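K.L.:
Sequence plus predicted model, see below.
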Amino acid sequence: MALLAWEGSADSCLKSASAAPVCARVAAALATDLAGRRARILRAVLLCLWSMVGLSTQSQIAEYDVKAEYLYRFALFVDWPPEAFPGANTPITIGVLGNDPFGKRLDEVVKNEKVHGRELHVERFGRVEEIIRLAAEKNKVCHILFISQSESGKLDNILAGLKGRHILTVGESNRFAERGGIVGFVMKERKVRFKLNMVIATGEKLTISAQLQGVAAELIQEKKDE
């Protein structure tokens with residue numbers, strides 16, 4: 001991944017200093033010493049986001065504004081297998097399945113952004129079959145999929161239908177990660193955090209960076225019996 005992209009992320013953190021003083025201090029320190037620090041820059045990006053998340057209840061930032069930022073940031077810390085991109089110009093697609101709680105915010109977050117040199121697109125789906133059909137008929141692949149709370153009653157069937165498609169599944173329903181999703185949002189001390197199911201991620205041939213693993217609220221590293 002190009003270092004300049006991460007430096008740009010650190011610069012973005014610095015610009016958000018009024019909202020996140022901790023982020024400003026981290027980014028400023030990085031700005032004065034940029035030699036041999038790829039991992040440190042990665043960490044700064046996450047610290048920036050956490051600072052904003054931690055302040056969210058005080059500054060009335062909507063929960064789904066925070067989660068939209070997370071969906072974008074996840075793309076920075078995950079590598080997909082080559083077969084997940086049918087063409088050199090295939091974008092990274094972030095999908096929302098079911099009721100959309102983000103409004104326009106998710107589109108605004110990814111507008112004009114690129115990750116690994118690829119554009120980011122947002123798609124909305126009413127049913128999991130639409131994702132499968134688009135991949136089969138139009139070669140349009142979903143890479144990150146937020147499964148809305150509205151679909152919690154169908155979660156097992158949805159995850160079964162997506163198996164083997166190299167999709168980073170993200171959700172917020174009860175025990176999402178334990179039930180076979182990859183990223184499960186949880187609330188910890190009034191902050192939006194997440195669990196990572198590394199067993200499922202590995203099975204989907206997704207490589208999740210050590211930096212992202214290091215800041216997860218919990219890592220699931222072995223299959224749990226229900």
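P.N.:
Everything's here; your move. Residues are numbered from 1 along each chain as shown.

K.L.:
Low-confidence bits of this protein, can you list those?
P.N.:
In the predicted model of the chain, residues 1-61, 224-226 satisfy pLDDT under 70.

K.L.:
at 80 instead, please
P.N.:
1-61, 223-226 (pLDDT under 80).

K.L.:
Do a quick rundown of the helices in it.
P.N.:
Assigned by DSSP state H, the chain shows helices spanning 3-15, 21-32, 38-54, 56-59, 63-76, 105-110, 128-138, 155-162, 198-203, 210-215.

K.L.:
Could you pull out the buried residues of the fifth one?
P.N.:
Pointing back at helix 63-76 there. In terms of neighbour count (16 or more other Cβ atoms under 10 Å), helix 63-76 has its buried residues at 64-76. For glycine as for every other residue, the C-beta is placed from the backbone atoms N, C-alpha and C.

K.L.:
And it, how far out from the chain middle?
P.N.:
6 Å (Cα atoms, centre = their mean, to the nearest Å).

K.L.:
which helices and strands does it pack with?
P.N.:
Judged by 3 or more Cβ pairs under 8 Å, 6 or more residues apart in numbering; DSSP states H and E, helix 63-76 is in contact with helix 38-54, helix 56-59, strand 92-97, helix 105-110, strand 144-147, strand 168-171, strand 183-188, strand 191-197.

K.L.:
Give the partner strands of the third one in its sheet and their orientations.
P.N.:
Looking back up the chat, that one is strand 92-97. Paired with strand 92-97 in the same sheet, following DSSP bridges, are strand 118-125 (parallel), strand 144-147 (parallel).

K.L.:
can you redo those strands as a markdown table with distance to Phe194 and mean neighbour count?
P.N.:
Converted to a markdown table, these look like this (distance: least, Cβ to Cβ, whole Å; neighbours: other Cβ atoms under 10 Å):
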| stretch | distance to Phe194 | mean neighbour count |
| --- | --- | --- |
| strand 118-125 | 19 | 18 |
| strand 144-147 | 12 | 26 |
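
K.L.:
between those strands, which gets nearest to Val183?
P.N.:
strand 144-147 (8.7 Å; Cβ to Cβ).

K.L.:
how about the CA coordinates for that closest one, as PDB?
P.N.:
Output of strand 144-147 as PDB, limited to C-alpha atoms (Å, rounded to 0.1, in the frame of the first residue of the first chain):
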ATOM      1  CA  ILE A 144     -17.800  -5.000   2.300                       C
ATOM      2  CA  LEU A 145     -21.400  -5.700   3.300                       C
ATOM      3  CA  PHE A 146     -23.200  -4.000   6.200                       C
ATOM      4  CA  ILE A 147     -26.100  -6.300   7.100                       C
END
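
K.L.:
Contacts for it next, please.
P.N.:
67, 71, 74-75, 78, 92-98, 131, 155, 158, 162, 167-171, 173, 176, 181 (Cβ atoms under 8 Å, 6 or more residues apart in numbering).

K.L.:
ok, now stretch 200-218?
P.N.:
Contacts of stretch 200-218 (Cβ under 8 Å, 6+ apart): 39, 42-43, 46, 50, 74, 77-81, 163-169, 177, 180-182, 186, 188, 193-196, 198, 219.

K.L.:
does the residue nearest to Ala75 when sequence neighbours are not counted have beta-bridge partners, and which?
P.N.:
Leaving aside its chain neighbours, Ala75 sits nearest to Val115 (4.6 Å; criterion: Cβ to Cβ, 6 or more residues apart in numbering). Assessed by DSSP bridges, Val115 has beta-bridge partners Arg118.
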